[in-house]
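> After the sequence you'll find the predicted model.
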Amino acid sequence: MPEHRGAKLQRSPIVAADGLSHVRETDFPVPELVDSLVKKGFNVALSDDAGRFVCNYVYYHSLCHAAIHGTKCLFVHVPPFSKIDADKQMEFMATLLDMLSSLC
């Protein structure tokens, strides 16, 4: 799929020094977080794909920053309010942030 300028970025590292074989992942226990959120009634799913272009770029650089500074990061795709209303999303975010804070 081409990006906004029409370029098809394939097999291009986000950070040249990392190359294509370097994998960065969150330090948070994502499967356990997803299970807990589902048990609390939230419609969430585990994914190992931040998406394309901007989302992937932002997440990768956030993971780089976290590694350098000894912090953690997590990427969460949030649906539009037309799919899940704002009140439910605010409840979800408050719950997730509470869970993440207990892990830091």
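Now that the structure is in, tell me what you want to look at.
> Where does pLDDT dip in the protein?
Along the chain, the parts satisfying pLDDT under 70 run over 1-4, 7-11.
> Quickly note the distance from the residue nearest to the spatial centre of it to Gly41.
In the chain, the C-alpha nearest the mean C-alpha coordinate belongs to Phe75, at 1.7 Å (CA atoms, centre = their mean). Taking CB to CB, to the nearest Å as the measure, Phe75 falls 22 Å from Gly41. Every residue, glycine included, has its C-beta placed from N, CA and C.
> and what of Ser62?
Note on Ser62: its distance to Gly41, by CB to CB, is 28 Å.
> what's the answer for Lys88, then?
In terms of CB to CB, Lys88 sits 10 Å off from Gly41.
> Residues that sit against both of the two, list them.
Residues touching both Lys88 and Gly41 (CB atoms under 8 Å, 6 or more residues apart in numbering): none.
> Could you find the closest non-adjacent residue to Leu20?
Leaving aside its sequence neighbours, Leu20 sits nearest to Pro13 (CB to CB, 6 or more residues apart in numbering; 5.4 Å).
> Surely that neighbour touches Gly19?
Yes - contact criterion CB atoms under 8 Å: Pro13 and Gly19 qualify, at 5.4 Å.
> Look at the two and report which has more neighbours.
More crowded of Pro13 and Gly19, by other CB atoms under 10 Å: Pro13, with 12 against 8.
> which SS class is that one?
With DSSP: H, G, I helix; E, B strand; the rest coil as the basis, Pro13 sits in coil.
> Tell me which residues touch it, please.
Going by CB under 8 Å, 6+ apart, Pro13 touches 19-20, 22.
> quick one: which of those residues is nearest Ser102?
Nearest to Ser102 among the contacts of Pro13: His22, at 29.8 Å, using CB to CB.
> list the contacts for that closest one?
For His22, the contacting residues are 13, 15, by CB under 8 Å, 6+ apart.
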